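Participant: Following is a predicted model, sequence given first.
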Amino acid sequence: RVEWVVAQAGERERRRRRGWNSSVRVGRWNSVMPLPPVLAAMFRVAAVATPILGRALVDAYRQAMINAAANGAKVGAFKAQRMSLDEAAKILNIKIPPPEGEVMERSTTIFEANDPTKGGSRFLQEKVELARRVLLEKYPEQEAAKKEVPKE
């Protein structure tokens, strides 16, 4: 009986050395290398921290959208750069001060010529519309002489 217990203890020791109880096998001899405790701790921390950081990121994004809406920001607000009067006049190809009704006439013509359904550019339409607004702010009497308002 004592011999059998000693033999079993020896077998257990051999198995422990071979690493039969571990699930990670490396090397060409199927020897098992246990995961270092530092890496195991890092994986545990990452598993706990990932959902927390994910929730924090989503909350921060929501708060940023709330703040942007409270400050009057719109979708595409980055496009709302102010255009100078000279640039507006160059886009519509008119002289400053514009002749009576020229702003509305030129903006309508160029706006319709750049219709995306006819192969035009939506970007150019937006530039023409912005130029029209800038010129009408400076010369409001031009709007009274309008014939047709460009549709966006």
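Facilitator: Alright, I've got the coordinates.

Participant: By mean pLDDT, flag the weakest helix or strand of the chain.
Facilitator: Within the chain, no helix or strand scores below strand 25-26, which has a mean of 50 by mean pLDDT, DSSP states H and E.

Participant: phi, psi of Ile91?
Facilitator: Main-chain dihedrals, Ile91, degrees, to the nearest 10: phi -60, psi -40.

Participant: and if you look at the one 3 residues further on?
Facilitator: Backbone torsions for Ile94, taken as degrees, to the nearest 10, come to phi -130, psi 160.

Participant: tell me the contacts of it?
Facilitator: 102-103, 106, 135 (C-beta atoms under 8 Å, 6 or more residues apart in numbering). C-beta coordinates here come from the backbone N, C-alpha and C atoms, glycine included.

Participant: Let's see that with 7 Å instead.
Facilitator: Residues near Ile94 by C-beta atoms under 7 Å, 6 or more residues apart in numbering: 102-103, 106.

Participant: and if you look at Thr50?
Facilitator: Neighbour list for Thr50: empty [criterion: C-beta under 7 Å, 6+ apart].

Participant: now do the one 4 residues further on
Facilitator: Remark: with contacts taken as C-beta under 7 Å, 6+ apart, Gly54 is in contact with nothing.

Participant: What separation is there between Ile96 and Phe43?
Facilitator: Per C-beta to C-beta, to the nearest Å, Ile96 is found 68 Å from Phe43.

Participant: Please, which helix or strand holds Gln125?
Facilitator: Using DSSP states H and E, Gln125 maps to helix 122-138.

Participant: Okay, buried residues for that helix please.
Facilitator: By neighbour count on 16 or more other C-beta atoms under 10 Å, the buried set for helix 122-138 is 124-125, 127-128, 130-132, 134-136.

Participant: Just the residues contacting the very next helix or strand once past it, thanks.
Facilitator: Counting by DSSP H and E, the element after helix 122-138 in chain order, helix or strand, is helix 141-144. Residues from elsewhere that reach helix 141-144, judged by C-beta under 7 Å, 6+ apart: 98, 101, 103-104, 135-136.
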